[in-house]
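Give me a model of this one.
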Amino acid sequence: MENFLLTLLFFPDWSNGLPSDFLLLHFFVGAIIFPFNMIHAKARSIDAKNPQDAASGYKNSDNTTYFGYEEIK
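From the prediction side, this is the model:
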């Protein structure tokens, strides 16, 4: 049984092309995880450059640069 599972892991039976779950997994990684990772990295770099503004939620920063925070009035 163990050899069978290893064989399926490394040599799956894709006789009719790629399975739909394989394509959905790659779409999810490309459309969701990769852009989220890019946005998250940019936000962390902006917060690292402005630690005091990040601590206050960017309430005291100038409005000429948009950091992604808007006060609801």
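
I'd like the C-alpha coordinates of stretch 43-51 written as PDB, please.
What follows is stretch 43-51, C-alpha atoms only, in PDB (Å, rounded to 0.1, in the frame of the first residue of the first chain):
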ATOM      1  CA  ALA A  43       2.700  46.800   3.500                       C
ATOM      2  CA  ARG A  44       5.400  45.400   5.900                       C
ATOM      3  CA  SER A  45       8.100  47.400   4.100                       C
ATOM      4  CA  ILE A  46       6.000  50.600   4.500                       C
ATOM      5  CA  ASP A  47       5.300  49.900   8.100                       C
ATOM      6  CA  ALA A  48       9.100  49.300   8.700                       C
ATOM      7  CA  LYS A  49       9.900  52.700   7.300                       C
ATOM      8  CA  ASN A  50       7.200  54.400   9.400                       C
ATOM      9  CA  PRO A  51       7.000  52.700  12.700                       C
END
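
what's the average pLDDT for that stretch?
Stretch 43-51 carries an average pLDDT of 87.

Retrieve the pLDDT associated with Glu70.
pLDDT at Glu70 comes out at 62.

And for Leu25?
Here, the pLDDT recorded for Leu25 equals 81.

Can you name the next helix or strand after whichever strand or helix holds it?
Assigned by DSSP states H and E, Leu25 belongs to helix 20-28. Heading C-terminal from helix 20-28, the first helix or strand you meet, by DSSP H and E, is helix 34-49.

how far off helix 34-49 does the helix holding Leu25 point, in degrees?
30 degrees (axes from the mean of the first three to the mean of the last three C-alpha atoms, to 10 degrees).

Mind giving me the packing neighbours of helix 20-28?
The criterion is 3 or more C-beta pairs under 8 Å, 6 or more residues apart in numbering; DSSP states H and E, and there are no helices or strands that helix 20-28 contacts. Any C-beta I mention is one placed from the backbone N, CA and C, and that applies to glycine too.
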